[in-house]
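**Q** Quick one, what's the 3D model for this:
(chains A and B)
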Amino acid sequence: MEEYVKVLHDSMVGCKVPEILGAVDKSLEAGMTPVEIIDALSAGMSDVGILFERGKLFLPHVLSAAAGMNKTMEKLTPMLASAGGSTGPKTAVVMGTVEGDVHDIGKSITSTMLQCAGFEIHDLGRDVPLDNFIKECKENGCTMCGMSALMTTTMTGMKVVIDKLQQEGIRDKVTVLVGGAPVTQGYCDKIGADVYGESASETTQKVKALASD
Amino acid sequence: MPAEYRMRMGDGTRQWMTKEQIRADVEDGVNNAVDCAEVPALTEDDICRIVDIMCEKGRTVSVEPGEEVILTQDGGELKLLNDSGSSSPVLEMSRTAAIQVHERALGMDTFEVAYFDPSTKMVKPVIGMEMAHCQNVMYNTIIPMLYMFMPNIGLYYQPTGPFGNPPDLMREFKIDEAMEAGDLAMKAMRDDIVFIGERILSTGMDGLDFDTTASGGDLDFVGSLEAVEEIRKTYPDADIQMGMSAESVLGINGMCEYKGQLAAGLYPHQQVKLAEAAGVSTFGPVVNTNSSMSTAWNVARAVTMVKECSKVSKIPLQVNMGMGVGGTPMFETPPIDAVTRADKCMIEIAHVDGL
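**A** Okay, here's the model as predicted:
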């Protein structure tokens, strides 16, 4: 099976949809389970994120890999169900760049990578009114709230959202993720957020680890 | 128990480390730079020098007399006037007075005049006011004055601009539309940069400073290079600085080229060659600080990348050494112990011409 894991991984890093789907078909024929296939592709997607951050792959590559992952999930989800695997509701994550800030490249990449890692993403985009984060958590079932900012003048909005979650009495039900150039672990600790991600790939790894606990 | 030395993490927090730990971080930082940027490693002498500088006892460190480099400030006068959230002084004074403080009290060798919202798209509508301000500044100062503005292609995309947002369009797999929107935005940004640059230089300003170039990725970079080339035709002797926004050019388009060279994924030593070809006078490389690693790690990594940039460059380097770049901690008021150590390493080992 190891060789099929490698083929799946490499096809994802190759970022071409037909090759990803071809590798999935061959792996199924070889007897790999849908869960094993998804795990192998997820590892490949993590490497795609790292290679993007290092300038070795570009945005069209990342999105093509994501498309391959999505098509694979469409194919494998019915098999997961019939095999008795978990097809229950995914962890929903609201993502957005906080109000006053229109810089969203990093946030968008993080959204894409989290989606490929199996999370349900509610991406509100950029310049998101702070109350909208609360609304997604209260009304649309998001149990994770990811906020990004590029400016020191806007990152203070993250603390406002955390305070509002507290006021609404749902702070302990929502995991707060923060990131963006001026945001640090120290700032994350200071405002009482739960997870700080230095990069899209690091955020994804931390969130996956948290969700599997 | 081995002696411990004061160190900072990349977010500015205090850390105590032994000389052996510092040495290990320096080596790891060098290796990371070699791995990411594909540049040569620092020599053993360089590594030892960084460790020595990190372990100096004084709160601040400095270079020897005669080894000083050009010091400038690319944040414009607003650093004294604005409230940036928590740390700026918010002084009550005119823009011109703020520039004079930088010149006469803070000892800047050159200065970058800037509008409060210095993105190209925001400066264009107030160009008349900015030209008048520049003329006034030139009458009232002595040191070379450059006009700073940020190319910032992002503001040309929706929702702040007229063109479709390529990352959004790509997520919907509208690849052709994304590419077309990117090309149109790049042309609009390039034309606006030329519009601003030529008018500002007509006031007698000494030059221009393109700040945070490539913040919107490869199209941002190529559009800026093309604008420099265009401005050069009218102002062959103007000083044109190009400061970058990150260590590598993000591939938002992925296929965008300048003079036959793919722009995406380039690191400082490769970026500077395109800047030279476009007619840039001074290049400002950037190396990002990792806020979770120590200053020793970050400085070693930054110096490794900038040293190679310095080696291949035919134009002066004025390296970015502010909040979150060049090994300086990601902190609004970066601690002076870390700042001076990063600066000293950059001058003595990477041989930059200015900060």
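
**Q** secondary structure element for B:Glu112?
**A** Element membership of B:Glu112, judged by DSSP states H and E, is strand B:111-119.

**Q** List the contacts of B:Met179.
**A** Residues in contact with B:Met179 (C-beta atoms under 8 Å, 6 or more residues apart in numbering or on different chains) are B:Pro166, B:Asn253, B:Met255. Every residue, glycine included, has its C-beta placed from N, CA and C.

**Q** hmm, back to that, which other helices and strands does the strand holding B:Glu112 contact?
**A** helix B:95-104, helix B:120-123, helix B:127-140, strand B:145-150, strand B:207-213 (3 or more C-beta pairs under 8 Å, 6 or more residues apart in numbering or on different chains; DSSP states H and E).

**Q** hmm, who's touching the fourth one?
**A** Think strand B:145-150. Residues from elsewhere that reach strand B:145-150 (C-beta under 8 Å, 6+ apart): B:72, B:74, B:76, B:99, B:110-115, B:118-120, B:123, B:130, B:134, B:137-138, B:193, B:196, B:200, B:205-213, B:215, B:239, B:241.

**Q** now the second one
**A** Under the contact criterion C-beta under 8 Å, 6+ apart, helix B:120-123 has outside partners B:115, B:117, B:130, B:149-152, B:155-156, B:160-161, B:189, B:192-193, B:196.

**Q** ditto for stretch A:125-136
**A** Stretch A:125-136 has contacts (C-beta under 8 Å, 6+ apart) with A:94, A:96-104, A:107, A:122, A:124, A:142, A:145, A:147, A:157, A:160-161, A:164-165, A:168, B:159.

**Q** again, but for stretch B:193-204
**A** The contact list for stretch B:193-204 (C-beta under 8 Å, 6+ apart) reads B:120, B:123-124, B:127, B:130-131, B:134-135, B:138, B:147, B:149, B:151, B:207-208, B:210, B:223-224, B:227, B:230-231, B:234-235, B:238.

**Q** Write a PyMOL command that selects only the buried members of those residues.
**A** What follows is the PyMOL syntax for the buried subset of the contacts of stretch B:193-204, where burial is set by 16 or more other C-beta atoms under 10 Å in any protein chain shown:
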select buried, chain B and resi 120+123+124+130+131+134+147+149+151+207+208+210+223+224+227+230+231+235+238
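
**Q** thinking again about what came up before, show me which of the contacts of strand B:145-150 are buried.
**A** B:72, B:74, B:76, B:99, B:110-115, B:118-120, B:123, B:130, B:134, B:137, B:193, B:196, B:200, B:205-213, B:215, B:239, B:241.

**Q** Might one say that A:Ala149 is in contact with A:Val161?
**A** No: applying C-beta atoms under 8 Å, one finds A:Ala149 not in contact with A:Val161, separated by 11.0 Å.

**Q** Could you name every residue contacting both of those two?
**A** Shared contacts of A:Ala149 and A:Val161 (C-beta under 8 Å, 6+ apart): A:Val98.

**Q** for A:Ala66, what are its contacts?
**A** Shown in contact with A:Ala66 (C-beta under 8 Å, 6+ apart): A:Met45, A:Thr112, A:Met113, A:Gln115, A:Cys116.

**Q** Please pick the buried ones from those.
**A** Neighbour-count burial (16+ other C-beta under 10 Å) applied to these gives A:Met45, A:Thr112, A:Met113, A:Gln115, A:Cys116.

**Q** Tell me which helix or strand comes right after the helix or strand hosting the second one.
**A** Assigned by DSSP H and E, A:Thr112 belongs to helix A:105-116. For helix A:105-116, the succeeding helix or strand toward the C-terminus, using DSSP H and E, is strand A:120-123.

**Q** Can you list the buried residues in that following strand?
**A** Buried-residue list, strand A:120-123, by 16+ other C-beta under 10 Å: A:Glu120, A:Ile121, A:His122, A:Asp123.

**Q** I'd like to know which of the residues you listed is nearest to chain B.
**A** Nearest to chain B among those is A:Asp123, at 8.7 Å by C-beta to the nearest C-beta.
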